[in-house]
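Engineer: predicted model and sequence follow; I will ask about them next.
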Amino acid sequence: MKRIRQLFSFIKGYWWMMFLIILFVVFNRFSYSYVPLFTQYLFAFLKNPDSSVIYNVNFPNFVLNYLWPNEGFQTIIKLVVLLASFQTFRFIMIFVESFLRGRIGENIQRKLRNELYDHIQSLEYQYHNNVDVGDLIQRVTSDIEMVGSFLSERVAEFFRLLATISFGTMQIYFINPSFVIVALVLIPFSGTASILYFRYVRKQFKVVEEKESKMITVIQENLAGTKIVRAFANEAHEIEKLDTINQAYSKANYKLSKASALYWGISDVISMLQYVIIIIIAIHYARLGLVMMDQLVAVLMLIGMLIWPIRGLGRLIGDFGRALVASDRLHELYQLESEFNNNGTKTPPILGHIEFRDVSFKFSDSDHHLLTNVNFTIEKGETVAVIGRTGSGKSTIVNLLSRFLEVESGQIIIDGVDIKDIEKHYLRRHMGVVLQDPFLYSRSLYDNIAISNPQVQKERVFQAATIANLDRDIQSFEKGFDTEVGERGTTLSGGQKQRVAIARILIEDKPILIFDDSLSAVDTQTDKLIREALQFKENKSTTIIITHRITTARQADKIIVLENGVVSDIGTHETLKDKPGLYKRLWDIQGSLEAEFLKMIEG
C-alpha cells in the first residue's frame, strides 16, 4: 500500500482533473450500455410492428414515449435519428475525456521532469561522482513517461472496466438474469491468472529496467568517449561489450514477452469459452421460448462488455506492475538528501580573505583522511599557488572551499564568517572556478563565455576573452565569436577550451577565482600572459591556483605545498626553492628543464 500511495502521490495538484475524467469515463460506459438496446428495439419492431405493442426494452420512459406508437418506416427513422444523436453526444463526451486524459498525462510528466531534474541538480557532489548518467537519463525520461501514462490512461481504464462490467451486467440482468451468472462464472479464473501475471511482471520488469539502464550507460559512455575508443583502436571490444549487455536486455525482455504471450493466450481461451457457453445457452433458451430473438441479439452484444474488459485486465495489471517499478525508481531519487538541506543563511560581503583553521576531511565510506589539520591564510587580492603530488588533497581544498564537500573538523573562514553559515548559492556566486576538464556546451563561443549571465554587455565578453588570451584565436575563426564549438567543445583544442572556461568566469568581477589545474593545457607563454592579465585586472580578485607546474606557481604571492594531505611548507618561490623539501625537489627537476629549454631557444 505504501508503494501504491507513492505512485498516486504524483497526481497531487491534478485530483480535480482526475475526478472529471472518472466522471466522463463512468458516464461513457453507462451510455454505451444502451447502444445494443437500439438493435434490440429494431429487432422487436421488425418481428412485431403492431402499433399498440410496447416492447420490453430497458429504455428510459421519455425514449419509449418518443418511439411509441409504432408507425412503420417512421419508427425506423426515429430510431436512426435518436441513435445518431445519442452517439454524437457520446463521441463529444469521449473527445472531452480523451482531451483531459492527454492534458493530465502531459502535465504530470512535465511537472515530474522539472521537479526531478531540479532535485538531481541539488544532490550532493559525492552522489554525482558515483552515479551512472545513463541510469539518471532513463529515470528522467522513460520512468516518468511510464508513471505519467499509467496515471492518465490506466487509472481511467480501471474505472472504465468497473463501469463497463457494472452497467453491462445491469442491462443483461434486465433482459434475463440467467445470462449474468454464465457471463460472470469464469471471471474468478481470469482474475487469478491476472494476479499471477502481475506478480511475475512486477519482478521481471525491474530486471528489464536494470538491464536497460546498464545498456544506456554503456552507450552514453562510449559516445562521450569516442575519441578514447578510437585512439586505442578499441572499437571491437566496445561493440562486444554493448552486444553482451544488449543480449542480457533482450533476454530479460524475451522472458517478459513469454509471460505476456502465455497470459494473453489463457485470457483468449477463457473469453472464447464464455462466448461459446453464452451462445449455447442462448440457443437452448431460444428453442424453449424463454428468450426472444431481439433479447438474444442484445445479450450477445452486451456480453462483450463483460468479457473484453476482463481480458484487458492483463494490460492494466502489466502496466500497473511497470508503473510501480518506475515509481520506486523515482522515489529512490526523491529520498536522496539535497545538499541544500545543510545550508547556511548568511549573505555577508565577500571580499576574498580566506582562512583554513585545522581543517580535516575524509569521505564517509573511508578511513583515510585526504586532509589533516590544514592551516593557512590567504589575504584579500593575494595570488596563492597550491602545489603537491597527485592525490595530496589539492582539489579537495577547492571542493571544501566551494562547499561541494563539507569539512569533517575545523573551520574555513571567509572574511570573518564560517562558510557553514553562508548560503551556498550566495557563496558560489562569489567564486569563479575553472576545472581541469572544462565542460563546453554545443553553442557558439560567445554563448559559452556568457553562459553564466546571458544579459552581460558584449564589451565584458570581449574583455574577458582578451584577459584569457583568447582574442587572437577568435579572430582566426571565420565566424569569430559566432563559431559553434560542437558538443563538449570538440572543435577546440585543449588549451582553447581552458581559455574559454577562464573567460567565462571573468565576465563578472568575482572576489575569489580558483584555477583547479586548469592552466595545464595551455603553453607556458600563454599561462604567463593570463596570470599577468589577472594581476593587472581593474578589480583584483583573490586567486587560488592549483597546479603541478612550478613556472605557474613561482609568480604567486604565496605558495602552499601539500604532502599527503598535510601542509608541509608555505612561502614564496625564493624562500622555498633552496629549502629542503618537495618544492625544492620539483624545482630542481622542472627548473633545470626550463633552463635547458631557454638555452636551446637562445642557441
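Structural biologist: Nice, thanks for sending it over. Numbering: from 1, shown residues only.
Engineer: so where's the stretch 51-200 of the chain shaky on pLDDT?
Structural biologist: Within the stretch 51-200 of the chain, the set of residues satisfying pLDDT under 70 comprises 51-54, 186, 191, 198.
Engineer: please enumerate the helices of it.
Structural biologist: Ranges of helices within the stretch 51-200 of the chain are 61-67, 73-121, 125-130, 133-138, 144-149, 155-175, 177-184, 187-224, based on DSSP state H, counting those that start in this stretch.
Engineer: can you check the stretch 351-500 of the chain too?
Structural biologist: Counting by DSSP H, counting those that start in this stretch, the helices of the stretch 351-500 of the chain are 394-401, 424-429, 445-449, 458-467, 471-476, 494-506.
Engineer: residue 409: what's it in contact with?
Structural biologist: 358, 359, 360 (CB atoms under 8 Å, 6 or more residues apart in numbering). C-beta: built from backbone N, CA, C; applies to glycine.
Engineer: brain fart, residue 399
Structural biologist: Residue 399 is in contact with 125, 405, counting by CB under 8 Å, 6+ apart.
Engineer: please name the residues that touch the most centrally placed residue in the chain.
Structural biologist: The residue lying closest to the centre of the chain (CA atoms, centre = their mean) is residue 140, at 1.4 Å. Residues near residue 140 by CB under 8 Å, 6+ apart: 113, 116, 117, 120.
Engineer: residue 180 versus the second one, what's the distance?
Structural biologist: Distance from residue 116 to residue 180, counting by CB to CB, to the nearest Å: 47 Å.
Engineer: in CSV: the contacts of residue 140, plus distance to residue 371 and neighbour count.
Structural biologist: What follows is the contacts of residue 140, written out as CSV (distance: CB to CB, whole Å; neighbours: other CB atoms under 10 Å):
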residue, distance to residue 371, neighbour count
113, 38, 15
116, 34, 18
117, 33, 13
120, 28, 17
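Engineer: reformat those as CSV; add distance to residue 494.
Structural biologist: Rendered in CSV, the data for those read as follows (distance: CB to CB, whole Å):
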residue, distance to residue 494
113, 34
116, 34
117, 30
120, 29
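Engineer: out of those, who's nearest residue 65?
Structural biologist: Taking CB to CB as the measure, residue 113 is the one of the contacts of residue 140 closest to residue 65, at 54.4 Å.
Engineer: touching, the closest one and residue 142? I think so.
Structural biologist: No. Distance between residue 113 and residue 142: 11.6 Å, which falls outside the contact criterion (CB atoms under 8 Å).
Engineer: find residues that contact each of those two.
Structural biologist: Here residue 113 and residue 142 have no joint contacts, going by CB under 8 Å, 6+ apart.
Engineer: could you chop this structure up by domain?
Structural biologist: The record, using automatic domain parsing to delimit domains, assigns the chain the ranges 2-336, 354-570.
Engineer: can you say which of those is nearest to residue 586?
Structural biologist: Closest to residue 586 of the domains of the chain, according to CB to CB: domain 354-570, at 5.6 Å.
Engineer: picking that back up, just the helices of the stretch 51-200 of the chain: most buried one?
Structural biologist: Among those, helix 144-149 has the highest mean neighbour count (mean count of other CB atoms under 10 Å), at a mean of 21.
Engineer: what lies in contact with stretch 318-332?
Structural biologist: If you take CB under 8 Å, 6+ apart as the criterion, stretch 318-332 is touched by 3-4, 6-7, 10, 112, 116, 139, 142-144, 146-147, 149-151, 153-154, 197-198, 201-202, 205-206, 209, 260.
Engineer: now stretch 499-516: average pLDDT?
Structural biologist: In this model, stretch 499-516 has an average pLDDT of 83.
Engineer: how far away from the center of its chain is stretch 244-260?
Structural biologist: Relative to its chain's centre, stretch 244-260 lies at 24 Å (CA atoms, centre = their mean, to the nearest Å).
Engineer: and it, which residues are buried?
Structural biologist: Using 16 or more other CB atoms under 10 Å as the burial criterion, the residues of stretch 244-260 that qualify are 245, 246, 248, 249, 252, 253, 256, 259, 260.
Engineer: my guess is the second one contacts residue 215. True?
Structural biologist: Yes. In terms of CB under 8 Å, residue 246 counts as a neighbour of residue 215; the distance is 6.0 Å.
Engineer: on that earlier part again, of all the helices of the stretch 351-500 of the chain, which lies closest to residue 22?
Structural biologist: helix 424-429 (42.4 Å).
Engineer: what mean pLDDT does that closest one get?
Structural biologist: Across helix 424-429, the per-residue pLDDT values average to 90.
Engineer: buried ones among the contacts of residue 409?
Structural biologist: Among those, the ones that count as buried (16+ other CB under 10 Å) are residue 359.
Engineer: got a markdown table for the contacts of residue 409, with distance to residue 388 and pLDDT too?
Structural biologist: Formatted as a markdown table, the entries for these read as follows, by distance: CB to CB, whole Å; pLDDT from 0 to 100:
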| residue | distance to residue 388 | pLDDT |
| --- | --- | --- |
| 358 | 19 | 92 |
| 359 | 15 | 91 |
| 360 | 16 | 92 |
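Engineer: so which bits of stretch 383-402 are buried?
Structural biologist: In stretch 383-402, counting by 16+ other CB under 10 Å, buried: 383-388, 392-402.
Engineer: same check, this time on stretch 288-302
Structural biologist: Under the neighbour-count criterion of 16+ other CB under 10 Å, stretch 288-302 has 291, 292, 294, 295, 296, 297, 298, 299, 300, 301, 302 buried.
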